[in-house]
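In: Sharing a model that was predicted from the sequence below.
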Amino acid sequence: MQLIGREKEVRELNNIFYSGHSELVAVYGRRRVGKTTLIDETFKNRLTFSHTALPLTQNGKKTSLKEQLNAFRLSLMLHGYAVKTNFKTWLDAFYALIDYIKGMDHDERIVIFIDEMPWMDTPRSGFVAAFSWFWNNWASKDKNIMVIVCGSSNAWILDEMINSHTGLYDRVTHAIGLSPLSLGGVQALLKERNIQLTPYNLSQIYMILGGVPMYLNYYNRELPLFKNIDALFFDDKAKLANEYDNLFDSTFDNGRLCRRINEFLATKNKGFTRDEIVHHLGICDGGEITKALRALEASDFIVKYYPFGEKKKQHYKLVDPFCLFYLKFVAMHHGEKGFWENSTNSASVNAWRGYAFENICFTHVEQIKNALQIGAIQNTVFSWAEKGSDHGAQIDLVIDRKDGVINLCEVKFTNDVFCIDKAYYEKLINKQKVFASIVQNKRVIHQILITTYGLKNNLYSDIFTNVVTLEDLLK
């Protein structure tokens, strides 16, 4: 099986495999993003031992420590290790793993893979302490040992592994955050399944499903786009109708708080400051909100940025396409059979596409920079709006470059070549004047158009220094 869009991660994992040192690798990312597939395919026939934890709940009942220990025992037995008694503690379980590994040829690399590790840490189980003992007292001392841990609960992976202040402090040698695929990755994945789409339709799929491989695998090439969306979200037994709830239950330790943050951020495309989030939710500004925001960012649900001229208060912006689509349409219209087919050309859907395309651009800045041939130049990225002025302006995407140039990017999602008229030209001139006054004419300002099919040449088109198209975002 070819791993589409994961070439960088495969290369990194193989380099770690041949490092000649003991390695503790933590792989994290949102639910359904392909973490397990990445490890299974990269280390096909090279895994010495693998174990997947039981889900946190089974048939509505919480999974117990005893059940998790028994599952681990059965995994050892499946690998050929004779377990004589049941494990009472995780120390017993990891000692048995050590005993199993000791009987192997240590001239070869030994790869241990534990999937969905956060589920193993049931209340009062002592799991983290036992795993710390396993790593610190044995595995870390053998240069041929490589341990890979994985999980969708990003808060747990971050707090207990990568940023641990206890037994695993500074022990993780490599942390790999697996993000959703880019537009180009989605195109390659669908092409692998013999699904050929125009860039315009491909971008609409991305606005809804994002770059999550599992969601994309549900796409039926025998159906048109609108019927696919109805089948996934709105029709009877829609495959992804309950996925939003499952995301928060499985990905976050404090799923309720993360969900509330997510849904508040969805109300404003430009995002909110931490103070605004705390005030709106009526919660204390402390460690819990920090963990929640960090987990949402690690899961690629949100991004943070400093607005222009602001060096202290970051803005948090919801950019996950799946969440934005769910909150905008599915939450209100779930169960309305054929909703998307009947609404796909409505004014509200067309307006939503404009905002959704802005978010695609926000998460494809590297592709935009490459199209502008400024990939090597350091920069900061943000949205911007001037308020309280008679000549107020709003800019969809700003790239503030270290070479003294500021790119003001206009983002337009259209089904044809974009044509600029006199009224829009004057609006752009006003935006540039407002922004120039803010930077006090100390920076060079370039107007950039990011659109679907390009720009029609006319009397006013020269205002744009460069034009970036969907084809550029696919690279």
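Out: Yep, it's here.
In: From residue 229, how far out is residue 215?
Out: 11 Å (CB to CB, to the nearest Å). (Each C-beta comes from the backbone N, C-alpha and C, glycine too.)
In: and the two? which has more neighbours close in?
Out: Higher neighbour count among residue 215 and residue 229: residue 229, with 27 against 21, using other CB atoms under 10 Å.
In: Just say helix, strand or coil for that one.
Out: Under the three-state scheme (DSSP: H, G, I helix; E, B strand; the rest coil), residue 229 adopts helix.
In: Repeat that for residue 410.
Out: Residue 410 ends up strand, using three-state DSSP.
In: Got the phi and psi for the nearest residue to it once chain neighbours are set aside?
Out: For residue 410, ignoring the flanking residues on the chain, the nearest one in space by CB to CB, 6 or more residues apart in numbering is residue 449 at 5.2 Å. Per-residue torsions, residue 449: phi -110, psi 130 (degrees, to the nearest 10).
In: Residue 383 and residue 278, how far apart?
Out: Taken as CB to CB, the span from residue 383 to residue 278 is 21 Å.
In: who's more crowded, these two?
Out: Legend: neighbour count by other CB under 10 Å for residue 383 and residue 278, higher for residue 383 (21 against 16).
In: give the contact list for that one.
Out: Neighbouring residues of residue 383 by CB atoms under 8 Å, 6 or more residues apart in numbering: 269-271, 305, 307, 317, 358, 362, 394-398.
In: shouldn't residue 97 be in contact with residue 73?
Out: No - taking contacts as CB atoms under 8 Å, residue 97 lies outside contact range of residue 73: 10.3 Å.
In: where do the strands sit along the stretch 251-400 of the chain?
Out: Taking DSSP state E, counting those that start in this stretch, the strands of the stretch 251-400 of the chain run over residues 272-273, 302-305, 315-318, 379-385, 394-401.
In: before we move on, what about the stretch 51-200 of the chain?
Out: Counting by DSSP E, counting those that start in this stretch, the strands of the stretch 51-200 of the chain are 57-58, 61-62, 110-115, 145-151, 174-177.
In: by contact count, what packs against the last one?
Out: Which is strand 174-177. helix 7-17, strand 23-28 (3 or more CB pairs under 8 Å, 6 or more residues apart in numbering; DSSP states H and E).
In: how far away is the nearest residue to residue 140 once chain neighbours are set aside from residue 351?
Out: Nearest residue to residue 140, sequence neighbours excluded (CB to CB, 6+ apart): residue 22, at 5.0 Å. Counting by CB to CB, the separation of residue 22 from residue 351 is 54 Å.
In: got it, and residue 176?
Out: From residue 176 to residue 351 the distance is 38 Å (CB to CB).
In: more crowded one of these two?
Out: Using other CB under 10 Å as the criterion, residue 176 and residue 351 rank with residue 176 on top: 19 against 10.
In: Residue 152 contacts residue 36, correct?
Out: No - at 9.6 Å, residue 152 does not count as touching residue 36 under the criterion of CB under 8 Å.
In: quick one: which of these two has more around it?
Out: residue 152 (23 against 16).
In: which residues touch that one?
Out: By CB under 8 Å, 6+ apart, the neighbours of residue 152 are 28-31, 35, 116, 118, 250-251.
In: at 6 Å instead, please
Out: Applying CB atoms under 6 Å, 6 or more residues apart in numbering, we find residue 152 in contact with 31, 250-251.
In: Could you find the closest non-adjacent residue to it?
Out: Closest to residue 152 by CB to CB, 6+ apart is residue 31, at 4.6 Å.
In: So that neighbour, which state does it fall into?
Out: coil.
In: Report the separation between it and residue 253.
Out: 14 Å.
In: hmm, back to that, could you turn the buried ones of the contacts of residue 383 into a ChimeraX selection?
Out: Per 16 or more other CB atoms under 10 Å, the buried members of the contacts of residue 383 correspond to this ChimeraX selection:
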select :269,270,271,305,307,317,358,362,395,396,397,398
